[in-house]
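Asks: Just to be clear, the model below is a prediction. Sequence and coordinates:
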Amino acid sequence: MKALTKGHPLKVILLFAVPLYIGQLFQLCYTLIDTRIIGSALGEASLAAVGATTSLSDLLIEFLNGIICGFGVILARVYGRGEEARLRRAIGGTVALSVLTTLLVSGICLLFLPEILSFLNVEKNLMPEASSYIRIIIAGLLATSLYNICTAVLRSIGDSFTPLVFLVIANLLNIALDYLFVYGLRSGVAGAATVIAQALSALLCFIYMRRKYPQISITPQNLLPDRSLCHDLIPTGLSMGFMISFVTLGSLALQTCINTFGNHIIVAHTAARKVTMIFMIPFFVLGTALATYCGQNLGAKEYARIHRGIRDTVLVSFLWCLLVILVVFTLSPTMVRLVTASSEPEVLKTASLYLRVNASFYFLPAAICILRNSMQGFGDTRTPLFSSLIELAGKALIAFFLTPVIGYMGIIAAEPIVWALMIVPLLAGMRRAGKKLA
């Protein structure tokens, strides 16, 4: 266990964030290798089938992970107050509520999957492979959630290194299974969507937690949270879950338009989004670190540390943005070619344009990720949710009114536009919070 309530704020945050960053890189490496395997072994059509459902899989995974991260914020606050008995009850409540939510979401999506894919405008020639791929992703959501529960618990008590170890194990196994299923068993894109590694990683992580941290081991009685805990867990979990899902729902609205532009555009957008994730990982990681940091310091009533930690982290993220802009404007086509194994000029040109336009505005999502996660950490659940609702509404309006007029250029312009709108309520909310914390 490690308290984030002592030591130099920026140093504590960065040391906590480094394992998260490495873990996200490994996770992204898996998705990039997954994309490369499908593109080189099965062709552009299969890659387009996977890309056509990417926004849906992202929505489901991130919604459930957002809920679990919200629960983790409450765990961090309880840990910051030093209440071990209540912490065990909160962990039990996190497990029970997360599993129930995951089973409900998975069941509904599997039941209505044909209608969902039809709503996404997945082309008929892509439907068989797209359906096969996304069906396995949905069926494996419980394994993903169990792993995320373990990592949320560990991070709430200040341990961000152990989840990295099990994530590395899971990703290495994922890569091996991908090669086995796609090249060895010839199972198509379905083989790229295995959840075996996630389940194994969750099991190993759970066993480690019981042995390393017996003081937070839960009993069956802990799986029934009391009313006060539900009052804390459910609003924060749903707030963060909806905050993240609003973001992805906006991308899903854009995906319905992208899927009508043809295979080249779908592949280009898929590649550009993969590369974008490489550059945005520090934003997400710093935001995640600050949610835990702010939660612990709120529980310990170290309000000045919260303000200083947020300020210094924003400055560090801006320095990263300057470096990214330089890389994107010089190496975009090369990065797209590495991701897709495609040398199609339209794919390279379209993806590079997307990357260059969006990178010019990366200062905005950097601040957004840090501010809204920090607010969740110190108890403001409404402002981040409202900001994310702006993103959903903005992307939906652009998808249905702007892209029919200017085509894919509307997709490229969508995110800079909504980023500029989203930052306004966050800055206002942070100003109000600053006065309270002072």
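Replies: That came through fine.

Asks: what's the following helix or strand after the worst-scoring helix or strand of the chain on mean pLDDT?
Replies: Across the helices and strands of the chain, the lowest-confidence element by mean pLDDT, DSSP states H and E is helix 44-51, at a mean of 68. Using DSSP states H and E, the helix or strand that follows helix 44-51 in sequence is helix 54-80.

Asks: May I see the buried residues of that next one?
Replies: 54-80 (16 or more other CB atoms under 10 Å). C-betas here are computed from N, CA, C, even on glycine.

Asks: ranges for the helices of the stretch 301-438 of the chain?
Replies: For the stretch 301-438 of the chain, the helices defined by DSSP state H, counting those that start in this stretch cover 303-340, 345-359, 363-377, 382-397, 403-406, 408-437.

Asks: Out of those helices, flag the one nearest P220.
Replies: Among the helices of the stretch 301-438 of the chain, the nearest to P220 by CB to CB is helix 363-377 (29.8 Å).

Asks: Remind me what the one helix or strand M240 maps to packs against, helices and strands.
Replies: Secondary structure from DSSP H and E places M240 in helix 227-258. Other helices and strands packing on helix 227-258, by 3 or more CB pairs under 8 Å, 6 or more residues apart in numbering; DSSP states H and E, are helix 54-80, helix 84-111, helix 263-299, helix 363-377, helix 382-397, helix 403-406, helix 408-437.

Asks: now with 6 Å?
Replies: Contact partners of helix 227-258 among helices and strands, from 3 or more CB pairs under 6 Å, 6 or more residues apart in numbering; DSSP states H and E: helix 54-80, helix 84-111, helix 382-397.

Asks: Now do M422, the pLDDT please.
Replies: pLDDT recorded at M422 is 91.

Asks: out of the helices of the stretch 301-438 of the chain, which comes closest to M243?
Replies: Of the helices of the stretch 301-438 of the chain, nearest to M243 by CB to CB is helix 382-397, at 4.4 Å.

Asks: Could you export that closest one as PDB, CA atoms only?
Replies: Extracted in PDB, the C-alpha atoms of helix 382-397 (Å, rounded to 0.1, in the frame of the first residue of the first chain):
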ATOM      1  CA  ARG A 382     -21.800  16.800 -12.300                       C
ATOM      2  CA  THR A 383     -19.400  19.100 -14.200                       C
ATOM      3  CA  PRO A 384     -17.400  16.300 -15.900                       C
ATOM      4  CA  LEU A 385     -20.700  14.600 -16.900                       C
ATOM      5  CA  PHE A 386     -22.100  17.900 -18.300                       C
ATOM      6  CA  SER A 387     -18.800  18.400 -20.300                       C
ATOM      7  CA  SER A 388     -19.000  14.900 -21.700                       C
ATOM      8  CA  LEU A 389     -22.600  15.500 -22.600                       C
ATOM      9  CA  ILE A 390     -21.500  18.400 -24.700                       C
ATOM     10  CA  GLU A 391     -19.100  16.100 -26.600                       C
ATOM     11  CA  LEU A 392     -21.900  13.600 -27.300                       C
ATOM     12  CA  ALA A 393     -24.300  16.300 -28.500                       C
ATOM     13  CA  GLY A 394     -21.600  18.100 -30.600                       C
ATOM     14  CA  LYS A 395     -20.500  14.900 -32.300                       C
ATOM     15  CA  ALA A 396     -24.000  13.800 -33.000                       C
ATOM     16  CA  LEU A 397     -24.900  17.100 -34.500                       C
END
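
Asks: buried residues in that helix?
Replies: Buried, per 16+ other CB under 10 Å, within helix 382-397: 383-396.

Asks: for stretch 87-105, same thing?
Replies: Quick answer for stretch 87-105 (16+ other CB under 10 Å): 87-98, 101-102, 105.

Asks: Repeat that for stretch 410-428.
Replies: 410-415, 417-419, 422-423, 425-426.

Asks: Can I get those residues in JSON lines including distance to A359?
Replies: Formatted as JSON lines, the buried residues of stretch 410-428 follow (distance: CB to CB, whole Å):
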{"residue": "G410", "distance to A359": "18"}
{"residue": "I411", "distance to A359": "15"}
{"residue": "I412", "distance to A359": "11"}
{"residue": "A413", "distance to A359": "14"}
{"residue": "A414", "distance to A359": "15"}
{"residue": "E415", "distance to A359": "11"}
{"residue": "I417", "distance to A359": "15"}
{"residue": "V418", "distance to A359": "16"}
{"residue": "W419", "distance to A359": "12"}
{"residue": "M422", "distance to A359": "18"}
{"residue": "I423", "distance to A359": "17"}
{"residue": "P425", "distance to A359": "24"}
{"residue": "L426", "distance to A359": "21"}
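
Asks: Of the residues you listed, just say which sits nearest to I266.
Replies: I411 (11.1 Å).
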